[in-house]
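K.L.:
I would like the atomic coordinates for the input below:
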Amino acid sequence: MSKMTIRRRFAVTARGFRLLKKYCPGLVQGKALYELINSLQPFVTVWFAAQILNELSARQGIRQTAIYVVSVILIHFICSVAKNSIDRICSEKETQMWKWFGKIFSDKQMSLDFEDLENAEIQRQKQEAEENLYMFGNGLGQLVWGTSGLVKASVNILASLAMAGSLFLSKSGNSVIDNPIWMMAVLLCVLLGGLSNSKATVKENQIFLKWCQNTVWFNRTFMFFGRELYMNPEKAKDVRIYEQNFIAEKALDKLIQADQENQADVIRMSMFPAIACVMIGLANMVCYLFVAVKAFFGAFGVGSIVQYVTVLQRLGTGLQELMFILSDNEVYCLHLQKLFDYLDIPSHMYQGTLTVEKRDDNEYFVEFRDVSFRYPNTNHYALRHVNFRFKVGEKLAIVGMNGSGKTTFIKLLCRLYDPTEGEILLNGVDIRKYDYDEYLSIFSVVFQDFRLFSFPLGQNVAAGVAYDPERAASCLAKAGFSGRFDHMPEGLDTCLYKDFEKNGVEISGGEAQKIALARALYKNAPFIILDEPTAALDPIAEYEVYSKFDEIVGEKTAVYISHRLSSCRFCDTIAVFDKGQIVQKGAHEELVADERGKYYELWHAQAQYYTE
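P.N.:
Sure, this is the predicted structure:
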C-alpha cells in the first residue's frame, strides 16, 4: 500500500465519520462522551487524593478534609451513573454496528449497474473490502474505536499538562533542581517514550498490512469450508453423497501451511512493542526520580508527589496513545480508501428523465431495431442484428436452444443492460430516455433463478411489508397455490423457511415457482415476463397453469421463455432464437409446417419422446 498524505488522511477520516453518522447515528458521539468522562475521572481522583494527603500531613482541620472526601464521592457517583447510561446505549449501538455496515454494502449493490453485479473484478473488490472490515474491523471499525482512543489521549495530555504545571513552578530552594532545564529534560523523556511507541506501531502496522493481505485467501478458504461447504444444505448433499471430504483435507493442509508461514510475521509484530516498553520504562524512571528529588528538598508535600507522579505517567501514556492513533490512522485510512473506491464506482447507465406514457387504449409497441449485444470483457456477441416488434396485449413465446440469446433478450428488454449496438424503442422512443425506475416498474418478471425470502408469505407475494391481503390471496389462487395455502397455519402471515422462525414452512420448488408467479401478478405491471415458469411443476400443475394462462395474464403483454415447445401453442407469436439471432417468428401452426425451419427441428426433437 502507498503512503497517504496528511491532507488526504484528514479527508478520508472526515468522510468515514460522515458515513458512520449516516448508518450508525449517535455511536461515535456516545463513545466520545463516555471516554471523556472516563478519562477525566482519574484526574479528579488524583487531585482530590493529593489535597486530602496534604491536609492530613499538615495536620489541618478535619472539616476541609471531609469536604474533599464528600466531593470526590459525589463526583464519582455522578460520573458512574452517566457512564453506565452511555455505555448501555453505546453497547447496543455497537452490537448493531456490524449489521448497519452490511447495509452500506447492500445499498451500494442496489445502486450498481447490473453489469457491474456480474463483473468479477468489482465483486472481488467488494469481497476484499468486506473481509477487511468484518475480519479485523479495518477501516470503519477502527474509526469507531479510534475515537475513544483520541479522546482519551487528548484528555490525558491536556489534563496532565494543566496539573503538572505547578511541578515546575514550585521552588525547592536548590538552584540546581529548580533550573528550567529539568523541565525540558522531563518533557523530552516523556516525548521520547511516546516516539519509541510510535515507531514500534509504524513497524508493527507495516507487518500487519502485509499479514492482512496474506490472510485474505486464508479467511476466504476457511469460511468456504467451515460455513458454505458443510453447513449449506444445498452443497452438503453432494459432499455426503460423493464423499468429497478429500477436498477439505487438501485445503486444510494449505491452511496449516499458510498459518505456519504467517507465524514469523506474528513474532516480528510482537518484538517492536516489547522494545518500546523498555524505552518507556526508562523514560518514566527519569521523571519519577525528578519528582522524588524535588519533594526531598521540600518543594511540595507528600500529596503532591502522588499527583505529579500520576500525571507525568498519564502525560507519557497520552503522548504514546496519540502517536499510536496517528500511526494507526494511516492504516485504517488505507482500508477506508479501499472501501470508498468500491462505494465510488460510478453508474454508467443513463437514467433518463421521460415519464412512461399512460395510455387507456393499451397502444404500446416495443421494437428491437438492429440490436446487437456482447457482455463486458468478451468479444463474442450474445445477440446479433435483432429486429423485432410486438404490441402490448400480445402473448409472445421465445424458444431456442441453450445459449441462443433468449435470456439476454429479456435482460435488454428490462434494461438490465443497454444494447452494444442498435436501440430498443417503446412507442417510438428509445427506452434509455425514460426514467430508469419508472421504466422498470412496467415489468413483472419471474426469472428462472428467482428467489423467495424468509419472510411471511404475504410479504413475499407483495415484495413489501405493507400489502393488500385480499389481492395477495387472489394472486396466489390464480397461480395455482390455493391447495397449499389453505393448509398454511397462519395464512399470509406464515413465514417461509426456518431461517428466522422455528415454525416456518419449507416449500417445494414447484410451490416456490407458484409463489414467484403470484408475486409477478401482484405487481400488476403491463408486461409480465415468465422465464421457464413451469420448469419445477409436475405435469398436472403445469397443465393447470397453461389452461388458465389467459385468465392469469389477462390483457397484459406476456413474454414467455420455455424449452417445452408444447407450452407455446397458446401464444400469439413465437420467436425462434438461434446463435444470437431471431431466425423465425410466427404462430405455432405456421412454424411447425415449415420443415426446413429451426422450430420444426426443435418440435420434432421433443415430440419423439412422446411418440412411438
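
K.L.:
which sections of the stretch 351-500 of the chain are below the confidence cut-off?
P.N.:
Along the stretch 351-500 of the chain, segments meeting pLDDT under 70 span 358-363.

K.L.:
where do the helices sit along it?
P.N.:
Along the stretch 351-500 of the chain, the segments classed as helices by DSSP state H, counting those that start in this stretch run 406-413, 436-440, 457-462, 469-478, 482-485.

K.L.:
Residue 529: which of the ones you listed is closest?
P.N.:
helix 406-413 (5.8 Å; CB to CB). All C-beta atoms are positioned from the backbone trio N, CA, C, and that covers glycine.

K.L.:
Can you give the contact residues for the closest one?
P.N.:
114, 366, 368, 371, 373, 382-383, 386, 398-400, 417-419, 424, 443, 445, 448, 529, 531, 559, 561, 577, 580 (CB atoms under 8 Å, 6 or more residues apart in numbering).

K.L.:
still on that earlier bit, closest one to residue 518 among the helices of the stretch 351-500 of the chain?
P.N.:
helix 469-478 (4.1 Å).

K.L.:
Could you list every helix and strand that that closest one packs against?
P.N.:
Counting by 3 or more CB pairs under 8 Å, 6 or more residues apart in numbering; DSSP states H and E, the packing neighbours recorded for helix 469-478 are helix 457-462, helix 482-485, helix 509-523.

K.L.:
check contacts around residue 579.
P.N.:
384, 404-405.

K.L.:
hang on, I meant residue 16
P.N.:
139-140, 143, 336.

K.L.:
Distance-wise, check it relative to residue 23.
P.N.:
Distance from residue 16 to residue 23, counting by CB to CB, to the nearest Å: 11 Å.

K.L.:
swap in residue 63?
P.N.:
54 Å.

K.L.:
who has more neighbours, the two?
P.N.:
Each of residue 63 and residue 23 has its neighbours counted (other CB atoms under 10 Å); residue 23 has more, 18 against 8.

K.L.:
Isn't residue 82 up against residue 37?
P.N.:
Yes: using CB atoms under 8 Å, residue 82 is in contact with residue 37, at 5.7 Å.

K.L.:
Closest one of the contacts of residue 579 to residue 568?
P.N.:
The closest of those to residue 568 turns out to be residue 404 (CB to CB; 14.6 Å).

K.L.:
What pLDDT is listed against the nearest residue to the closest one once chain neighbours are set aside?
P.N.:
Nearest non-adjacent residue to residue 404, counting by CB to CB, 6 or more residues apart in numbering: residue 577, 4.0 Å away. Turning to residue 577, the model gives it a pLDDT of 92.

K.L.:
Tell me if I am right that residue 577 is in a helix.
P.N.:
No: with DSSP: H, G, I helix; E, B strand; the rest coil as the criterion, residue 577 is located in strand rather than a helix.

K.L.:
Hmm, it is touching residue 398, no?
P.N.:
Yes: taking contacts as CB under 8 Å, residue 577 lies within contact range of residue 398: 6.4 Å.

K.L.:
can you pull the alpha-carbon coordinates of stretch 578-589 into PDB?
P.N.:
C-alpha atoms of stretch 578-589 as PDB (Å, rounded to 0.1, in the frame of the first residue of the first chain):
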ATOM      1  CA  ASP A 578     -30.600 -19.500 -32.800                       C
ATOM      2  CA  LYS A 579     -27.000 -18.400 -32.300                       C
ATOM      3  CA  GLY A 580     -28.000 -14.900 -31.100                       C
ATOM      4  CA  GLN A 581     -30.400 -14.200 -33.900                       C
ATOM      5  CA  ILE A 582     -34.200 -14.500 -34.500                       C
ATOM      6  CA  VAL A 583     -34.400 -17.000 -37.300                       C
ATOM      7  CA  GLN A 584     -38.200 -17.500 -37.300                       C
ATOM      8  CA  LYS A 585     -41.300 -15.800 -36.000                       C
ATOM      9  CA  GLY A 586     -45.000 -16.600 -36.400                       C
ATOM     10  CA  ALA A 587     -47.800 -18.800 -34.900                       C
ATOM     11  CA  HIS A 588     -47.300 -22.400 -33.900                       C
ATOM     12  CA  GLU A 589     -49.100 -23.900 -36.900                       C
END
